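3D model of this:
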Amino acid sequence: MNNPTMLKGVVHGRTIELEQEPGLPPGQPVFVSIEPRLEANNQGQLRPGEGLRQAFGAWAEDAEELDKYLEWTRQERKVGRPPVEQ
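This is a model prediction of the structure:
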């Protein structure tokens, strides 16, 4: 397969209107990969939950492992520290 070209467009039902010419002859079979643009919506904000998903990255779908890691980090911070005197 040749190098894929990234083009922007807008979905209208089963039709995708591209912002520019694809440079292919009419009738040329193509493969299409659909990916929504990660941009702010019309109100200038991300979709609900999108900011958290981006912030958590690799942990986004593994909350249990994140909890284990955070607990381990808390315990490691205690190692070698003198007790707090009151």
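
low pLDDT regions in this structure?
1-2, 38-44, 58, 60 (pLDDT under 70).

tell me which stretches of it form helices.
Along the chain, the stretches classed as helices by DSSP state H are 50-56, 63-78.

dump the ones you listed to JSON lines, plus mean neighbour count and distance to residue 31.
(Glycine included, C-beta is placed from N, CA and C.) Listed next are those as JSON lines, based on neighbours: other C-beta atoms under 10 Å; distance: least, C-beta to C-beta, whole Å:
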{"stretch": "helix 50-56", "mean neighbour count": "11", "distance to residue 31": "27"}
{"stretch": "helix 63-78", "mean neighbour count": "10", "distance to residue 31": "35"}
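
so which of the ones you listed gets nearest residue 9?
Proximity to residue 9 (C-beta to C-beta) singles out helix 50-56 among the helices of the chain, at 20.9 Å.

can you spell out which helices and strands pack onto that closest one?
Using 3 or more C-beta pairs under 8 Å, 6 or more residues apart in numbering; DSSP states H and E as the contact test, no helix or strand touches helix 50-56.

please name the nearest non-neighbouring residue to residue 24.
residue 30 (6.8 Å; C-beta to C-beta, 6 or more residues apart in numbering).

on that earlier part again, let me have the helices of the chain in JSON lines, extended by distance to residue 3.
JSON lines is the format used below for the helices of the chain (distance: least, C-beta to C-beta, whole Å):
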{"stretch": "helix 50-56", "distance to residue 3": "27"}
{"stretch": "helix 63-78", "distance to residue 3": "36"}
